[in-house]
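J.: Got a sequence here, can you model it:
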Amino acid sequence: MYATENTPWDAIVIGSGMGGMAAAAALSHVGHKVLLLEQHHTLGGLTHSFSRNGFTWDVGVHYLSEMAPGDRARALLDWLCDTPMDFVPMGSIYDILHIGSAEPLSLSRPYESQEMDLKDRYPDETEAIEAWTKAMRSGHDAMYKIFPTRAMPEVAGDMLDWWNRSSISKWCARTTQQVIDEITDNPELAAVLSAQWGDHGGRPSKASFAMHALIAGAYLPSGAWYPVGGASAYAEHILPTITKRGGEARAGVRVDELLFDGDKVVGVRTENGTEFRAKVVISDIGARETVDSLLPENLGYEDWIAEIRTLPCSIAHFNLFLGFEGDIEAAGATRANHWFYPTGATDVVWTDAPDGSPPHMAVSFGSLKNTAHDPGPRRKHMGQAIFWADWSTVEEWSDMPGSTRGEDYKTFKQRAEDTLMGHFENCFPELAKLVVYHELATPLSTVNYTGHRKGAFYGLDVTPERVMCHALRAQTPVSGLYLAGQDVASPGIPGALWGGLLAAASVDRRVFRHFQR
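T.: Below is the predicted model of the structure:
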């Protein structure tokens, strides 16, 4: 027996991550009554924050691009928000690379400054560095030729792809490593050029170069930014846009399946059996998760479903949440992020957990970037150390609920935490002395909180096949069903924002008018 809520919704959005919030708020702005449903007990998806022992961490926000006043993404975000969010710049230097035994290399903006950073370090590679800058600009532009097709009817999108086929083939169809190999044979410079791949989760040998150029290059024009008040500010500012226009945002509601009238999606059924009806349903839970968990068997559309299922997941990760007390800047913490590759190799992930040394670590100190953070008399600060890893490290426990994983998993997790804390201490010996709290999240945590298969932090991997995949258009072949979020556009918060806007524009073309803001 199922209970049906009688409220007639114009749209239901599944998942309250950045893509879901953006889609819901955009449709609310043009007159739609939207119901936003989130399985987790906190709204916001990977923009949510959590607290332990007086410390608060932002789960999925470490820095942001295109948030300067006047940037198009910033203008669109301002439109989505009930009250504008504030962002603070991180400064001219936003990433510091530690490649093997080489001296740390600070990356600054804009393009011209970063090109000079590289030429100062590698004076014999001037021609290669100039070629890299040119390639980055071209790859970035190629991705923006693909994005509009994600909100177009199939025929129009195919025509635009054909028109741009030369640029797409040159930059989207090749991997980051292929482009680097054409530019330089200097192994240290090659490592530097690929080091920021963790910003999109695509290993250099697998990722579309255009996606790397889009994400890594996005910080160069107007810098890196951080939300004042932390990541939770997104939900605080966007959700009222929905609720003040007759919509609702509900946490702790897991959607189990879609409802159909013939071959058209007309609503959703939740885990507890409640049914909600709507004219359209937008899924922000991931393309693969949508086809695997929400669609009934024998629905049809086998080609579309099969194309999505051929696309691999992005990388998994371990996240070490760190709580400090003391003067962390004097001990080595910075507003800029740090990328460590101790062996000098960058196309690497942690495969021999829990005891093997991780080949990579990315470190971010969110409280130094958030000007609203009050460290108090005990000078409390927060940081995160992220370690990209293979799903196989935790796969044996993946089918077990958290409460039933047993002593083997507890031992594994503790040993992994000890190993990773030791690695952090090796890289930041003085900072490690100020750590008063630490907690490890494994790839299983990502599965639990996001539902992403294999702990894929960024959804689908950013392979050339994914970048050029026609099955990832926002309007699916299933009538009444749309996709939103980073799988539609690109990984990360800005990409998910665009993915949500493209979904909303596919539902109601009036949203397109605001893309020129």
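
J.: domain parsing for this protein?
T.: 3-86+227-311+464-516, 91-223, 316-454 (automatic domain parsing).

J.: So which of these is the most surrounded?
T.: Ranked by mean neighbour count, those are led by domain 3-86+227-311+464-516 with a mean of 21 (mean count of other CB atoms under 10 Å). Using the backbone N, CA and C atoms, a C-beta is placed for each residue, glycine as well.

J.: could you give me the average pLDDT of it?
T.: What domain 3-86+227-311+464-516 shows for mean pLDDT is 96.

J.: roughly how far is it from the heart of the chain?
T.: A distance of 13 Å separates the centroid of the chain from that of domain 3-86+227-311+464-516, by CA atoms, centre = their mean, to the nearest Å.

J.: what does the strand or helix carrying residue 444 rub up against?
T.: Using DSSP states H and E, the element containing residue 444 is helix 443-450. By CB atoms under 8 Å, 6 or more residues apart in numbering, the residues outside helix 443-450 that reach it are 17, 40, 45-46, 59, 285-286, 316-319, 389, 391, 393-394, 397-398, 402, 452-457.

J.: Strands along the stretch 151-300 of the chain, start to end?
T.: 225-227, 248-250, 255-261, 264-270, 274-283 (DSSP state E, counting those that start in this stretch).

J.: Let me have those strands in a markdown table, adding distance to residue 182 as columns.
T.: Shown next, in a markdown table, are the strands of the stretch 151-300 of the chain (distance: least, CB to CB, whole Å):
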| stretch | distance to residue 182 |
| --- | --- |
| strand 225-227 | 32 |
| strand 248-250 | 48 |
| strand 255-261 | 46 |
| strand 264-270 | 45 |
| strand 274-283 | 39 |
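
J.: Tell me which of those strands lies nearest to residue 160.
T.: strand 274-283 (22.9 Å; CB to CB).

J.: which residues touch that closest one?
T.: Residues from elsewhere that reach strand 274-283 (CB under 8 Å, 6+ apart): 2-5, 7-15, 20, 23-24, 35, 37, 258-259, 265-270, 289-290, 294, 480-484, 503-504, 507.

J.: repeat that for 6 Å
T.: Here strand 274-283 makes contact (CB atoms under 6 Å, 6 or more residues apart in numbering) with 2-5, 9-14, 23, 265-269, 290, 480-484, 503, 507.

J.: Stretch 372-384 now?
T.: For stretch 372-384, contacts defined as CB under 6 Å, 6+ apart pick out 55, 57, 228-229, 319, 321-322, 324-326, 328, 364-367.

J.: could you redo the last one with a cut-off of 8 Å?
T.: Outside stretch 372-384, the residues touching it (CB under 8 Å, 6+ apart) are 54-57, 62, 228-230, 319-328, 333, 363-368, 431.

J.: Which members of those residues are positioned in strands?
T.: Judged by DSSP state E, those include 55-57, 319-325, 363-364 as members of strands.

J.: Most widely separated two among those residues?
T.: Pairwise distances across the ones in strands among the contacts of stretch 372-384 (CB to CB) peak at 20.5 Å, for the pair 319 and 325.

J.: now residue 317, what's its secondary structure?
T.: At residue 317 the chain is in strand, as set by DSSP: H, G, I helix; E, B strand; the rest coil.

J.: is it true that it touches residue 390?
T.: No - between residue 317 and residue 390 there is no contact under CB atoms under 8 Å: 10.2 Å.

J.: How about the contacts made by the closest residue to residue 286 other than its chain neighbours?
T.: Distances taken as CB to CB, 6 or more residues apart in numbering put residue 459 closest to residue 286, at 5.0 Å, once the chain neighbours are dropped. By CB under 8 Å, 6+ apart, residue 459 lies in contact with 286-288, 313-314, 452, 485-487, 491.

J.: Cool, thanks, signing off.
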